[in-house]
Structures are given as C-alpha cells and as structure tokens.
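> Sequence first, then the predicted structure, then my questions.
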Amino acid sequence: MSFNIVPTPIGNLGDISQRAIDILRNSKIILCEKKLRALKLLNYFNIKPRLLIPYHDDKYLHISQIVIKELQNKGTISLISDAGTPLISDPGHKLVSELIKSGIEPISI
C-alpha cells in the first residue's frame, strides 16, 4: 500500500522519470487536477489506471475516505497535478494532511 505524490512534466512529456511512470502504471487510483490533462500524459505512456478521479481540495473529506479504504486494502494511489509537483501550488494539501492524521505517510517520487 502506498500513496504517492508524483511530479509530472512541465512542457515536455519526455521529462518524466521511469520511476514515476512505473508508479503510475501500478496505481489502482490516480487523483488529478483535470482529467483531460491527466489523460494526455497517461495515454502517451499507455497507462490505464482502474480509476482516474479529478481532485480538488473542496472534495478532500469525501475522497480521503475512498483513499484510506483503498490503502487499507493494500492499493496503490497516486496524486498528480497538471504540471510539476503536486502540493506546491496545486490541490492536495488537505488530503495529505488528512492521510497523515490517519497514520498514512505519503511518498514523494
């Protein structure tokens, strides 16, 4: 089980690490800012998550419960932003805070 904070390329899709691609490929759920932007990246690398959920901080209570349940079932979940590293200026802070309160330590890729 792991909750991963995965940086995405800014401008050039080739600027992503193999580790980030592997993590995304193994994620059952990927949380993203905008589905269409995320699909551009995921389709480019032929990544097919079971579930792709648009995430914004106003939804953190509902989504945190889904995330915690999946992590308790040994799932792998990743959080991506449109470009760059999530949480710096993107949604995710409230969700990560809730996960830490629940004893789940996020992994920064």
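Perfect, thanks for sending it. Residues are numbered from 1 along each chain as shown.
> got the contact list for S81?
Going by C-beta atoms under 8 Å, 6 or more residues apart in numbering, S81 touches T8, C32, E33, D90, P91, G92. (Glycine included, C-beta is placed from N, CA and C.)
> Looking at the residues you listed, which two lie furthest apart in space?
By the measure C-beta to C-beta, T8 and P91 form the most distant pair in the contacts of S81, at 13.5 Å.
> These two - which one has more neighbours?
Applying other C-beta atoms under 10 Å to T8 and P91 shows that T8 carries more neighbours, namely 23 against 20.
> So for that one, what's the pLDDT?
Looking at T8, its pLDDT stands at 93.
> neighbours around the closest residue to it other than its chain neighbours, how many?
Nearest residue to T8 in three dimensions, chain neighbours excluded: I80, at 5.1 Å (C-beta to C-beta, 6 or more residues apart in numbering). Counted with other C-beta under 10 Å, the neighbours of I80 add up to 30.
> Then N43?
Using other C-beta under 10 Å, the number of residues around N43 comes to 10.
> That one in helix, strand or coil?
Look at N43: counting by DSSP: H, G, I helix; E, B strand; the rest coil, its state is helix.
> before we move on, back to that, mind putting the contacts of S81 into TSV with distance to G14 and secondary structure?
TSV is the format used below for these (distance: C-beta to C-beta, whole Å; DSSP: H, G, I helix; E, B strand; the rest coil):
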residue	distance to G14	secondary structure
T8	12	strand
C32	20	strand
E33	21	coil
D90	21	coil
P91	25	coil
G92	24	coil
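> Return the item of the residues you listed having minimum pLDDT.
Among those, D90 has the lowest pLDDT, at 74.
> tally of neighbours for that one?
Based on other C-beta under 10 Å, the number of other residues close to D90 is 19.
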